[in-house]
Structures are given as C-alpha cells and as structure tokens.
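*Asks:* dropping the sequence and predicted coords here.
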Amino acid sequence: MHIITPSSILRKWSYADIPSLVFHANNPEIAKWMRDGFPYPYTDVDADRFITMATKEENGIILAIEVEGMAVGGIGTHQLCDIYRKTSEIGYWLSKEYQGKGIISDAVLALIPVAFEHQDIIRIQAGVFHSNLASRRVLEKCGFTLESIREKAIFKNDEFLDEYMYVLFRSEYERRKEPII
C-alpha cells in the first residue's frame, strides 16, 4: 500500500526504517501521548519488534509516514473484535520536528477512505488524552466528532487522565463525499 498525501507518503514499514524509526520515536514528548506499548527510550529492539508486528498485522492497516525520504511517524487503523468488530480504531504519531505542518491531518484524511474500503466497519474511533489538544484538533479538522468523555479512563505516568473519544461514522463520511447540488 502506497498513499501519496499533499505533505507525505504513507507506505508499509520496512526493516530498513529501523534507524529512522528509532531516531524519530525516541522522544519522551511523543511517548507521553501514546499507550504504554510505545516505549521510551525507543531502541533498535523496540523498532524491530514493532516492524515485525506491523508487517504481519491482519486486522489493521499500519503505515509509515514518510517525509523527505525518511519514516518520521506512523499511522494506522486496527479493526476491533467481538462485539466491537464493526469499529476500527485509528492512531498516529509524528516526530516533533515535523509537527504543526499539517502532515498528520493529511495522513488521517488519506487513511479514512482506505479504512472504510478495506475494513468491514461502520465507524472509526480515536481515544485521545484530554490534554492532547493538537490531536483533538486534528480529529475535528478531519470530520470526527466528540462522542464521549471517559473520566479517569487512562492511567499514564502515575496520573489519571480523561479520554476524549472521537468518532467518524461511515454514513457521515459518505454523506460528506456527496457533491452539493
């Protein structure tokens, strides 16, 4: 899979990305917004483990965000299971050096149609730490709406945080795609 956006290329991860992944992911300012499975410090072993998982993922789409020939972030959707099987969760991160340039917004907008086309889902959701204002703005800009606020749903770095759950329904996405007459 290879998707060109106005500001980046979304593509499959490769073991050749390990040096770039370690360089850009090894930042406490990125790890603080991610689930605990995204470590800090971020080592070659972590990168190898992640790329092995990302290249074998069967229930999701996990792509590198390439800018200037380097993997500087990641984005993906993972289809949930059991009673949540018609929902996919989107997640993303980007090197601090490239933040604030519209790269993540472009990537999210590019991935939405791919997720709806390749996954048997009716909704895409994203849980965001309440204090991650930049990520909340990205989702709102990309057409997601705030569905709920889950108080103290997150325990990260020895503190409880609220989770803002954003959602985009397939029906809303399809309606927005229709030309206005």
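*Replies:* In hand now; what should we look at?
*Asks:* which residues of the chain score low on pLDDT?
*Replies:* For the chain, the stretches with pLDDT under 70 are 59, 178-181.
*Asks:* show me where the chain has helices.
*Replies:* 18-25, 28-31, 44-56, 103-118, 133-141, 170-177 (DSSP state H).
*Asks:* with mean neighbour count and distance to S148 added, can I get these in TSV?
*Replies:* Where you see a C-beta, it was placed from the backbone N, CA and C, and this is true even at glycine. Listed next are those as TSV, based on neighbours: other CB atoms under 10 Å; distance: least, CB to CB, whole Å:
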stretch	mean neighbour count	distance to S148
helix 18-25	20	29
helix 28-31	14	25
helix 44-56	15	29
helix 103-118	19	20
helix 133-141	16	13
helix 170-177	12	16
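*Asks:* could I get the CA-only coordinates of stretch 128-145 as CSV?
*Replies:* Extracted as CSV, the C-alpha positions of stretch 128-145 are listed here (Å, rounded to 0.1, in the frame of the first residue of the first chain):
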residue,chain,number,x,y,z
VAL,A,128,-7.3,10.9,22.9
PHE,A,129,-5.8,12.1,26.2
HIS,A,130,-7.8,15.1,27.3
SER,A,131,-4.7,17.3,27.4
ASN,A,132,-3.6,16.4,23.9
LEU,A,133,-5.1,19.5,22.2
ALA,A,134,-3.2,19.1,19.0
SER,A,135,-4.5,15.6,18.4
ARG,A,136,-8.0,16.6,19.3
ARG,A,137,-7.8,19.5,16.7
VAL,A,138,-6.6,17.1,14.0
LEU,A,139,-9.5,14.8,14.5
GLU,A,140,-12.0,17.6,14.5
LYS,A,141,-10.4,19.1,11.4
CYS,A,142,-10.8,15.7,9.7
GLY,A,143,-14.5,15.4,10.4
PHE,A,144,-14.5,13.4,13.6
THR,A,145,-16.9,14.4,16.3
